[in-house]
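J.: have a look at this prediction, sequence included:
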Amino acid sequence: MEYTRISDANLLTEKYMDSILLEERLIDSKVADTSIAFLGDHFAMPVMTPAFSHLKNYNGREQSGLEEYSVAARDCNILNFCGMMENAQFQQIMDTGAKTVRIVKPYADAAKVKDQMQYAGSAGAFGIGMDIDHIFGENGLDVVVGETMGEQTFEMLQSYVELTKLPFFVKGVLSVSDALKSADAGAKAIIVSHHHGRMPYAVPPLMILPKIREALAGRDVKIIVDCGIASGADVFKALALGADAAAVGRSMLPALETGGVEGVKDFLQNVGRELAYIMSFTGFSRVSDIDDSVLHFT
Ligand SMILES: Cc1cc2nc3c(=O)[nH]c(=O)nc-3n(C[C@H](O)[C@H](O)[C@H](O)COP(=O)(O)O)c2cc1C
């Protein structure tokens, strides 16, 4: 018999999210409005795209998957994210007109980090950030597509915050400690995430979220959650536990591959519709009203 343990953080996260159930509060409830104000802008819903990279041109279509989902984000009026890429590809994403946050890799090459962040600033990005959960690999520092990553200090984060006028996003926060360091460094947003399970036994983002929310109370830092977000119900649970928004992830890929821009738009709009439906069923007509009083932990 094979010896198995469930150390995969993706499975543990899915299990945790599905263990949270919702009660109904229908009397006096209204049709819900999912729109949000976020870092000085307005969006149709608290749903965001993931910071993806390395997507091909699916089924021989003209635009890469990265451009296709960016167009969908633009058309749905939601905040868009992108990940590891050179400046030329980032420019293609900006050319779609999507309001985009560029998540720069924690490259060991400090000049490259600076160049990509400054480029994002001059290209009119919505924000910049770094995925700090990609520093380490199984042999020390991670090597991503031939590029070595580098350790990141609090002072380095502070220097990124000072590099441009854009809001800075720290992606891959999974502790109160990193949340507080991010806030102290001047980040305007954190993404609570385990980067689709890079570390075994990583705590589910929704499990650590209430502690992070509490620790950041009164600080001017937005909280986004990702990992396993696939439906309006998942987004609702994230908001109820203290997030300001949630980002879909690999759940978006089948729609992207088969349906391109229209496929992703359908997928995102379905997530938004289910969120509105659950908000009405649970008695919350506005996103800012949602709280954890309707959640049941099994
Ligand atoms: C193909 C692919 C490429 C990704 N590239 C990046 C990246 O360059 N930068 C980054 O911060 N995250 C990257 N991610 C991680 C996502 O932004 C996100 O954190 C993760 O997919 C969430 O988990 P989920 O897919 O289980 O929802 C990538 C994920 C995938 C599947």
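T.: Structure received. Numbers count the residues shown, from 1 in each chain.

J.: got the confidence number for the residue nearest the centre of the chain?
T.: For the chain, the residue sitting closest to the mean C-alpha position, by C-alpha atoms, centre = their mean, is residue 247 at 4.0 Å. The confidence metric pLDDT takes the value 98 at residue 247.

J.: apart from its chain neighbours, what residue comes closest to the residue in the stretch 101-250 of the chain that the ligand sits nearest to?
T.: Among the residues of the stretch 101-250 of the chain, residue 249 lies closest to the ligand, at 2.1 Å counting by C-beta to the nearest ligand atom. Quick note: C-beta positions are derived from backbone N, CA and C, even for glycine. Distance criterion C-beta to C-beta, 6 or more residues apart in numbering; nearest residue to residue 249, sequence neighbours excluded, is residue 50 at 4.6 Å.

J.: where does the one you found fall, helix, sheet strand or coil?
T.: coil (DSSP: H, G, I helix; E, B strand; the rest coil).

J.: residue contacts, the residue in the stretch 51-200 of the chain that the ligand sits nearest to?
T.: With C-beta to the nearest ligand atom as the measure, the residue in the stretch 51-200 of the chain that lies nearest the ligand is residue 83; the distance is 2.2 Å. Contacts of residue 83 were listed using C-beta atoms under 8 Å, 6 or more residues apart in numbering, and they are 51, 52, 53, 103, 105, 131.

J.: widest-spaced pair of those residues?
T.: Put simply, by C-beta to C-beta the two of these set farthest apart are 52 and 105, 12.9 Å from each other.

J.: for residue 148, phi and psi?
T.: With angles defined as degrees, to the nearest 10, residue 148 sits at phi -80, psi 140.

J.: gap between the residue of the stretch 51-200 of the chain closest to the ligand and residue 133?
T.: 12 Å (C-beta to C-beta, to the nearest Å).

J.: which other helices and strands contact the helix or strand where residue 159 lies?
T.: With elements taken from DSSP states H and E, the one containing residue 159 is helix 154-163. For helix 154-163, the contact count by 3 or more C-beta pairs under 8 Å, 6 or more residues apart in numbering; DSSP states H and E identifies helix 110-122, strand 127-131, strand 168-173, helix 176-185 as packing neighbours.

J.: out of the ones you listed, the one nearest residue 144 is which?
T.: Closest to residue 144 of those, according to C-beta to C-beta: strand 127-131, at 10.0 Å.

J.: that concludes my questions; thank you for your assistance.
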